[in-house]
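Novice: Could you look at this predicted model? Sequence included:
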Amino acid sequence: MKTSKVDLKKILVGFAALTVAVTLSAFSADAQAPKRAITNIAGELYRFQNNFHFSVFLVTPDGVIVTDPINAEAATWLRDEIKKRFNKPIKYLIYSHDHADHISGGEIFKAEGAIVVAHENAKSDIADKKRPTALPEVTFANNMTIELGGKTVELSYLGPSHSNNLIVMRFPEERAIFTVDFISVNRTPFKTLGDSYFPNWIEAIKAVESMDFDILVPGHGAMGKKSDATAHRQYLEELYNGVLSGLREGKSVEELKSSIALEKYSSWGQFDDWRPLNIEGMARVINANKQSN
C-alpha cells in the first residue's frame with residue numbers, strides 16, 4: 001500500500017510539472033509571436049506592420065502593388081491577408097533598398113507573378129551579398145513611374161543616403177510618401193548610422209522636402225508629415241556640423257559625445273541610447289571620407 005501511495009504521489013507531481021511546462025511553453029510561444037497588422041493610410045493605400053518594420057501596399061482595380069516584404073513569414077502572412085481582404089492579384093513588388101531586414105522574402109510575391117522592381121544599384125548588391133530574396137527584374141537609374149488600375153506610384157532615387165540604392169516611393173493620389181530608414185518621425189537615426197553617406201543623406205532629405213505630399217510613412221515608427229522630414233534633416237545637419245567641427249579641432253570621439261548635446265531633440269525616441277552612437281557613426285563616416293579624398 002505504501003508503494004502505491006508513493007507511486008500516486010509521483011504521478012501527481014509529474015502531472016503538475018508537465019502542466020506547468022506546457023503552460024510556460026505556450027506563454028513563451030505567444031510572447032514571441034510577431035505583431036502584425038494592416039492599417040489604412042489614405043484611399044486604397046495601406047500600411048503593413050511586422051513588429052518594428054513597416055511597408056506599404058496599394059490596392060487598385062487591376063491588382064495590388066506591394067513594397068518591402070520584410071521576411072518570408074511576414075510576406076506569406078501579407079499575401080494571404082491581401083487575398084482574403086481584397087481578392088486581387090499581386091502585380092508588382094518594389095524594394096526600397098537592398099538591406100535584408102526590409103526585403104527578405106520577395107520570392108513569396110514573385111511566385112504569385114509579381115514583377116520585382118528596384119534601383120539598378122540594388123540588383124547587384126542583392127546578388128553579390130546573397131540577400132535571401134528574389135532578384136529585381138526591372139531596374140531604373142533615377143526615376144520610374146508604375147501605373148496600375150488607374151493609380152500611380154512614383155519612384156525616385158535621390159543619390160546615396162542610407163545605402164547607395166535607397167529610393168522613395170510617392171503616391172500622388174493619396175498624398176503620401178514612403179521613406180525607409182533615412183527619415184524617422186521624432187526618433188533619432190539608428191545607432192551608428194550603418195551604410196550611410198554624408199552629407200549626401202542630408203541633401204536627399206531636402207529633395208524629399210521639395211516633393212508634394214502630406215503623409216510621411218517611414219519604414220520604422222510612427223507616421224508623420226513633411227515638417228517631420230525637415231526636423232530630421234535639421235538633426236542630421238546639427239550632428240554632422242558638430243562632429244565635423246569637433247574633429248577639425250582635434251577632439252576625440254569621446255570628447256565629442258560629451259560636447260555635442262543636441263538637447264533640442266532630447267524628447268525623441270531612443271535619444272539617450274542612440275545620440276552617442278550617432279556621434280560615433282558620424283565620426284566614422286567623416287574620417288572615412290577624409291581618407292578616401
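Specialist: Cool, got the structure. Numbers count the residues shown, from 1 in each chain.
Novice: neighbouring contacts of stretch 155-162?
Specialist: Outside stretch 155-162, the residues that touch it by Cβ atoms under 8 Å, 6 or more residues apart in numbering are 94, 97, 117, 119, 140-146, 165-170, 180-182, 195-197, 200-201, 203-205, 207-208, 211. Just so you know, the C-beta spots here come from the backbone N, C-alpha and C atoms, and that holds for glycine as well.
Novice: buried set for that stretch?
Specialist: When burial is assessed from 16 or more other Cβ atoms under 10 Å, stretch 155-162 yields the following buried residues: 155-158, 160-162.
Novice: how distant is that stretch from the center of its chain?
Specialist: 15 Å (Cα atoms, centre = their mean, to the nearest Å).
Novice: again with stretch 148-162
Specialist: Averaged C-alpha coordinates place stretch 148-162 at 16 Å from its chain's average position (Cα atoms, centre = their mean).
Novice: what's the span of it, first residue to last?
Specialist: 29 Å (Cα to Cα, to the nearest Å).
Novice: where do the helices sit along the stretch 51-200 of the chain?
Specialist: With helices called from DSSP state H, counting those that start in this stretch, the stretch 51-200 of the chain shows them at 72-86, 100-103, 106-110, 120-128, 200-209.
Novice: out of those helices, which comes closest to residue 280?
Specialist: Nearest of those to residue 280, taken as Cβ to Cβ: helix 200-209 at 16.2 Å.
Novice: For the closest one, enumerate the helices and strands it packs against.
Specialist: Based on contacts counted as 3 or more Cβ pairs under 8 Å, 6 or more residues apart in numbering; DSSP states H and E, the elements that helix 200-209 packs against are helix 226-248.
Novice: got the contact list for whichever helix or strand comes after the helix it packs on?
Specialist: Counting by DSSP states H and E, the element after helix 226-248 in chain order, helix or strand, is helix 253-259. Residues from elsewhere that reach helix 253-259, judged by Cβ under 8 Å, 6+ apart: 242-243, 246-247, 251, 276, 279-280, 283.
Novice: just how off-centre is helix 253-259 within its chain?
Specialist: 29 Å.
Novice: for whichever helix or strand comes after it, which positions count as buried?
Specialist: Going down the chain from helix 253-259, the next helix or strand is helix 271-292, by DSSP H and E. Using 16+ other Cβ under 10 Å as the test for burial, helix 271-292 gives 271, 274-286.
Novice: Same check on stretch 100-111?
Specialist: By 16+ other Cβ under 10 Å, the buried positions in stretch 100-111 come out as 102-110.
Novice: Looking at the buried residues of helix 271-292, which one is closest to residue 34?
Specialist: Closest approach between these and residue 34, by Cβ to Cβ: residue 274, at 23.6 Å.
Novice: any idea how far the closest one lies from residue 175?
Specialist: According to Cβ to Cβ, to the nearest Å, residue 274 stands 30 Å off from residue 175.
Novice: Likewise for residue 205?
Specialist: In terms of Cβ to Cβ, residue 205 sits 19 Å off from residue 175.
Novice: which one of these two has more residues nearby?
Specialist: The residue with more neighbours, out of residue 205 and residue 175, is residue 205; 23 against 15, by other Cβ atoms under 10 Å.
Novice: where does the chain dip in pLDDT?
Specialist: Where the chain drops to pLDDT under 70, the residues are 1-31, 292-293.
Novice: Looks like residue 59 contacts residue 44 (just checking).
Specialist: Yes. Residue 59 lies in contact with residue 44 (Cβ atoms under 8 Å); the separation is 4.2 Å.
Novice: Report how many residues lie close to residue 48.
Specialist: Counted with other Cβ under 10 Å, the neighbours of residue 48 add up to 24.
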